[in-house]
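Student: please work out how this folds:
(one chain, ligands or ions: 1)
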Amino acid sequence: MIEVNGLTKRYGAVTAVHDLTFTVRPGHVTGFLGPNGAGKSTTLRMILGLNRPTAGAATIDGRPFARHRAGLRHVGALLDAADVHGGRSAAAHLRALAAGNGLPRRRVSEVLEEVGLAAVARRRIGGFSLGMRQRLGIAAALLGDPPVLMFDEPINGLDPEGVRWVRGLFRRLAAEGRTVLVSSHLMSEMENTADRLVVIGRGELIAEESLAAFAARGAGASVTVRTPDPAELAAVLALEGATVRTDGGDALTVTGVDASRIGELAHQRRIMLHALAPRAASLEEAFMELTADRADHQADVRTGVRPDRRAEALAGGAR
Ligand SMILES: Nc1ncnc2c1ncn2[C@@H]1O[C@H](COP(=O)(O)OP(=O)(O)OP(=O)(O)O)[C@@H](O)[C@H]1O
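Tutor: Numbering: from 1, shown residues only. Below is the predicted model:
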């Protein structure tokens, strides 16, 4: 379990993280979500003891990271896939990590197999694609077979097969009872990966809940109704407090009243319905709505790419 309590980090005049409190429980994949610059990496670094909080504290299974003697055996993390020695082979990189942390050498071949890099184990990391580097970073996180795992933007750079694989891996790790925290700036990446969400914007907590509860916050939920008497039904629904949009034909889009109540009202007034179709707000809509005014860089919210990183992204090199 990861517990973050009143965590704050200021860099001079910039408050990267402000009074953040949340809990990440074992047995779930928890998505750590926020627009670019929201403070995700800073938070993960503080949990791992790499950045010192200005205030507050973070613990892993009851103790600060620094007080975990078991190191990689207790907590595995992928922070920055680019942060590896390009001159080494994948196997040599992992062997050095294993030796430095007192882990058995056989774990190196096991994790290389697990992440699909066994065939390129002797190749220099310098020649690896971003997706291969992500796999190597995931291998390093898995090396100590730890009960707590953290991944910062692990899906960046993976091809569709890689994305499917990594989702399956995270779900399996959680099903084994581990604590799995995965950061992303894209809701679409979390939609099929996480079952719980911690959402932040400008360093502050926006939501900490299940995916379903988060989606229900979006105002995008609506019901489409088809009826031969649209004007009459619209008037009845307006009295009920609904917002009704008409397409000029037989269809109404209704928000503020759910489908069963619309059915009841139509029945009471003997208005015939040809269709009654609820449409849930998408997670993406809920995320956009809740974070729109908290994005550091507005362009990011639309493109998912920070303006200063767009050139890199276009060149295929974004993190
Ligand atoms: N070392 C630093 N010095 C000054 N400001 C920093 C430093 N590190 C981060 N920041 C600022 O803190 C804020 C949060 O950054 P952080 O990298 O934690 O966000 P993030 O949510 O991980 O974003 P991204 O998805 O872009 O990596 C940003 O405004 C960033 O510019």
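Student: tell me the mean pLDDT over stretch 132-143?
Tutor: Averaged across stretch 132-143, the pLDDT comes to 96.
Student: which residues sit against it?
Tutor: Applying CB atoms under 8 Å, 6 or more residues apart in numbering, the set of residues contacting stretch 132-143 from outside is 72, 76-82, 84, 90, 93-94, 97-98, 101, 103, 107-108, 111-112, 114-117, 120, 125, 128, 149-151, 154-158, 162, 166, 169. No exception for glycine: its C-beta is placed from N, CA and C like everyone else's.
Student: how far is it from where the chain is centred?
Tutor: Using CA atoms, centre = their mean, to the nearest Å, the mean C-alpha position of stretch 132-143 is found 18 Å from that of the whole chain.
Student: now that stretch: buried residues?
Tutor: Judged by neighbour count (16 or more other CB atoms under 10 Å), stretch 132-143 contains these buried residues: 132-143.
Student: given whichever strand or helix holds residue 149, what are its sheet partners and their directions?
Tutor: Taking DSSP states H and E as the definition, residue 149 sits inside strand 148-152. In the sheet, strand 148-152 lines up against strand 75-78 (parallel), strand 179-184 (parallel) (DSSP bridges).
Student: contact residues of the stretch 1-150 of the chain facing the ligand?
Tutor: Contact residues (CB under 6 Å from any ligand atom) of the stretch 1-150 of the chain with the ligand: 11, 14, 16, 34, 36-42.
Student: drop anything exposed from those residues.
Tutor: By 16+ other CB under 10 Å, these give 16, 34, 36-42 as buried.
Student: as CSV, could you dump the C-alpha coordinates of stretch 121-129?
Tutor: Once non-C-alpha atoms are left out, stretch 121-129 reads as follows in CSV (Å, rounded to 0.1, in the frame of the first residue of the first chain):
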residue,chain,number,x,y,z
ALA,A,121,19.4,-9.4,-24.5
ARG,A,122,23.0,-9.0,-25.9
ARG,A,123,22.3,-6.0,-28.0
ARG,A,124,23.4,-2.5,-26.9
ILE,A,125,20.7,-0.5,-25.3
GLY,A,126,21.8,2.5,-27.4
GLY,A,127,20.2,0.9,-30.5
PHE,A,128,16.9,0.2,-28.7
SER,A,129,13.6,1.9,-29.8
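Student: what about that stretch, average pLDDT?
Tutor: Computed over stretch 121-129, the mean pLDDT rounds to 93.
Student: for it, list every residue counted as buried.
Tutor: Counting neighbours by 16+ other CB under 10 Å, one finds that the buried residues in stretch 121-129 are 121, 125, 128.
Student: those residues in strands, which ones?
Tutor: Secondary structure from DSSP state E places none of the buried residues of stretch 121-129 in strands.
Student: ok, so of those residues, who is nearest the ligand?
Tutor: For the buried residues of stretch 121-129, the residue nearest the ligand by CB to the nearest ligand atom is residue 128; the value is 21.1 Å.
Student: is the residue found closest to the closest one once you drop the neighbours it is linked to in the chain in a helix, a strand, or coil?
Tutor: Leaving aside its sequence neighbours, residue 128 sits nearest to residue 136 (CB to CB, 6 or more residues apart in numbering; 6.8 Å). Look at residue 136: counting by DSSP: H, G, I helix; E, B strand; the rest coil, its state is helix.
Student: got it, and the one 4 residues further on?
Tutor: Taking three-state DSSP as the rule, one finds residue 140 in the helix state.
Student: low pLDDT regions in the stretch 151-300 of the chain?
Tutor: Low-confidence regions of the stretch 151-300 of the chain, defined by pLDDT under 70, span residues 216, 218-220, 281, 293-300.
Student: and the single nearest residue of it relative to the ligand, how many residues sit next to it?
Tutor: Taking CB to the nearest ligand atom as the measure, the stretch 151-300 of the chain has residue 185 as its residue closest to the ligand, at 4.6 Å. Around residue 185 there are 23 other residues, counting by other CB atoms under 10 Å.
Student: same question, residue 231
Tutor: Around residue 231 there are 9 residues (other CB under 10 Å).
Student: list the contacts of it.
Tutor: Taking CB under 8 Å, 6+ apart as the criterion, residue 231 is in contact with no other residue.
Student: looking at this, it is in a strand?
Tutor: No: assessed with three-state DSSP, residue 231 is helix; it does not lie in a strand.
Student: how close does it sit to residue 240?
Tutor: Between residue 231 and residue 240 the computed distance is 15 Å (CB to CB, to the nearest Å).
Student: ok, residue 230 next?
Tutor: 15 Å.
Student: show me which of these two is the more surrounded one.
Tutor: Remark: of residue 230 and residue 240, residue 230 carries more neighbours, 19 against 14, as counted by other CB under 10 Å.
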